[in-house]
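> whatever this is, show me its structure:
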Amino acid sequence: MTRSPLRSRVPAALLGAVLALPALPALAADYVVVEAAGIALEPGASLDGGASLTLADGARLVLVSAEGTTLTLVGPYQGKPDQGAAGGGASVTQSFANLVAARGADTSALGAVRAAATAKPLPRPWLVDAATPGHACLQPGQPAVLWRADAVPEVTLTLAPADHAWQASTPWPAGQPELALPADMPVGDGQSMLFEIGGEATAVTLHLLPASVTGARMTAAWMAAKGCTRQAEALAKTVK
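Numbering: from 1, shown residues only. Purely as a prediction, here's the structure:
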């Protein structure tokens, strides 16, 4: 039995940014796993678009392609990922809509969704908004760079992992919107960090970009699928 990939309507907010990305030639898509449940695949694994897949009932697989398409397959499913893509995968824009709908239905994440929806656009893609709860994507081997919309006052930044295994504090000078963290700061994929600025605490879950995710379209789709929607928007706007 084959089940069609999930779809959603395209919100206008991201459409212009996505259209700014260059078109790629229509080749057989290769995919990278974003999420996998009920199947022996790890996030970051590469898949041949022409290879056959079998998903048991209840299994779920989220893939992104080089073209920036996000494909969600739900078992029971048997066939090639390209067959599902031919049935209509989700663009970066649609991935954003899926994410908002899913997280909006989760009352535990509702506050983070609302905060992200009202936050200012990021000036660059690889910035972590230290004052807005939610998700942030990082490049492995690169220091995390924090950003704050209100850079007028000097504040004290306190950061710690969610398990409070360690804690550090540093001044954040006035007039400085960005603050690079030490390159050797321990960061794990899926790790939640707590940032406190001027007495206001924020929880941000960090995601490390897999080496298998390459190119602007695939990276933006991966960001959106991970919940780093403002970073995906910023990346889309930088590509001519």
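> C-alpha from now on. contacts and neighbour counts both.
Will do.
> for the protein, what spans make up the helices?
Taking DSSP state H to define them, one finds helices in the chain at 12-19, 81-86, 92-104, 110-118, 216-226, 229-238.
> what about residue 203, neighbour count?
Taking other Cα atoms under 10 Å as the neighbour definition, residue 203 ends up with a count of 21.
> spit out the contact partners of the closest residue to it other than its chain neighbours.
Once flanking residues are discounted, residue 203 sits nearest to residue 194: 4.6 Å by Cα to Cα, 6 or more residues apart in numbering. The neighbours of residue 194, taking Cα atoms under 8 Å, 6 or more residues apart in numbering as the test, are 159, 160, 161, 162, 201, 202, 203, 204.
> bridging across strands, which residues link to residue 194?
Beta-bridge partners of residue 194, counted by DSSP bridges, are residue 160, residue 203.
> one step back: now, of the contacts of residue 194, which are buried?
With neighbours counted using 16 or more other Cα atoms under 10 Å, these contain these buried positions: 159, 160, 161, 201, 202, 203, 204.
> and the furthest pair within the residues you listed?
Of all pairs drawn from the buried ones among the contacts of residue 194, the widest gap by Cα to Cα lies between 161 and 201 and measures 12.3 Å.
> which stretches in this structure count as strands?
30-37, 46-48, 53-55, 60-65, 70-74, 77-79, 128-129, 134-138, 145-147, 155-161, 168-172, 178-180, 192-197, 200-208 (DSSP state E).
> which among these is found nearest to residue 218?
Minimum separation from residue 218 across the strands of the chain (Cα to Cα) falls at strand 60-65, 5.7 Å.
> around residue 220, how many other residues sit close by?
By other Cα under 10 Å, the burial measure for residue 220, its neighbour count, is 32.
> where in this structure is pLDDT low?
Counting by pLDDT under 70, the ranges of the chain that qualify are 1-29, 84-118, 239-240.
> hmm, try it at 90
The chain contains residues with pLDDT under 90 at 1-30, 48-53, 66-69, 80-120, 141, 151, 182-188, 198-199, 236-240.
> for residue 223, find the nearest of the strands of the chain.
Taking Cα to Cα as the criterion, strand 134-138 is the member of the strands of the chain that comes nearest to residue 223, at 6.6 Å.
> who does the closest one pair up with?
For strand 134-138, pairing defined by DSSP bridges yields strand 200-208 (parallel).
> how about residues contacting the strand it pairs with?
130-140, 162, 187-196, 226.
> 10 Å instead?
Judged by Cα atoms under 10 Å, 6 or more residues apart in numbering, the contacts made with strand 200-208 from elsewhere in the structure are 44, 112, 128-141, 144, 157-162, 187-196, 223, 226-228.
> I'd like to know how many residues surround residue 149.
The number of residues packed around residue 149, counting by other Cα under 10 Å, is 17.
> go ahead and confirm residue 123 touches residue 146.
No: applying Cα atoms under 10 Å, one finds residue 123 not in contact with residue 146, separated by 11.8 Å.
> what do these two both touch?
Counting by Cα under 10 Å, 6+ apart, residue 123 and residue 146 have no contacts in common.
> which residues sit in contact with residue 166?
For residue 166, the contacting residues are 159, 160, taking Cα under 10 Å, 6+ apart as the criterion.
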